[in-house]
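In: one predicted model, sequence on top.
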Amino acid sequence: MRKLKRTYSIEDAIRVLRDGIEKGYWTLEDLDNPPPGTKLTFAEYRRYCSTQGFTGKTPVYKNLLRDLEDNQEDDFIL
């Protein structure tokens with residue numbers, strides 16, 4: 001049985017974010033706040049989990065460029 005591979009890695013995401021800063025698409029400070037769609041997704045996720053009685057790990061938003069030393073592969077990042 002073959003194991004599924006991730007379609008991207010954290011390193012790939014960091015590379016894309018750095019490239020966007022170099023090209024002037026966004027700033028490091030822009031990445032500190034989650035986009036509106038992510039805020040809505042997290043709110044819906046928390047609402048659904050609370051109605052189902054889920055008490056597990058919830059997703060977190062991270063600026064991958066600020067938290068380079070804290071990034072863990074097991075973090076639940078959407």
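Out: That came through, no problem.

In: and the helix-or-strand element of the chain with minimal mean pLDDT, what's buried?
Out: Using mean pLDDT, DSSP states H and E, helix 36-52 stands out as the lowest-scoring helix or strand of the chain, at a mean of 88. By neighbour count, and taking 16 or more other CB atoms under 10 Å as the criterion, the buried residues in helix 36-52 are Phe42. (Glycine included, C-beta is placed from N, CA and C.)

In: pull the distance from it to the chain's centre.
Out: Relative to the mean C-alpha coordinate of its chain, helix 36-52 is positioned 14 Å out (CA atoms, centre = their mean, to the nearest Å).

In: again with stretch 3-21
Out: The chain centroid and the centroid of stretch 3-21 are separated by 11 Å, computed with CA atoms, centre = their mean.

In: do the same with stretch 46-60
Out: Its chain's C-alpha centre lies 17 Å from the corresponding centre of stretch 46-60 when counted by CA atoms, centre = their mean.

In: give me the contacts around the least confident helix or strand of the chain.
Out: Contacts made with helix 36-52 from outside it, assessed by CB atoms under 8 Å, 6 or more residues apart in numbering, are listed as 34, 54, 56, 58-59, 61, 78.

In: just the CA coordinates for it, please, in CSV.
Out: Taking only C-alpha atoms (Å, rounded to 0.1, in the frame of the first residue of the first chain), the coordinates of helix 36-52 have been written out as CSV:
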residue,chain,number,x,y,z
PRO,A,36,-11.0,37.3,5.7
GLY,A,37,-11.8,33.9,4.2
THR,A,38,-9.5,32.2,6.7
LYS,A,39,-11.2,34.1,9.6
LEU,A,40,-14.6,32.9,8.4
THR,A,41,-13.4,29.3,7.9
PHE,A,42,-12.0,29.2,11.5
ALA,A,43,-15.2,30.7,12.9
GLU,A,44,-17.3,28.1,11.1
TYR,A,45,-15.0,25.3,12.2
ARG,A,46,-15.2,26.4,15.9
ARG,A,47,-19.0,26.8,15.6
TYR,A,48,-19.4,23.3,14.1
CYS,A,49,-17.1,21.8,16.7
SER,A,50,-18.9,23.4,19.6
THR,A,51,-22.2,22.0,18.4
GLN,A,52,-20.7,18.5,18.1
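
In: right, I'll call it a day here.
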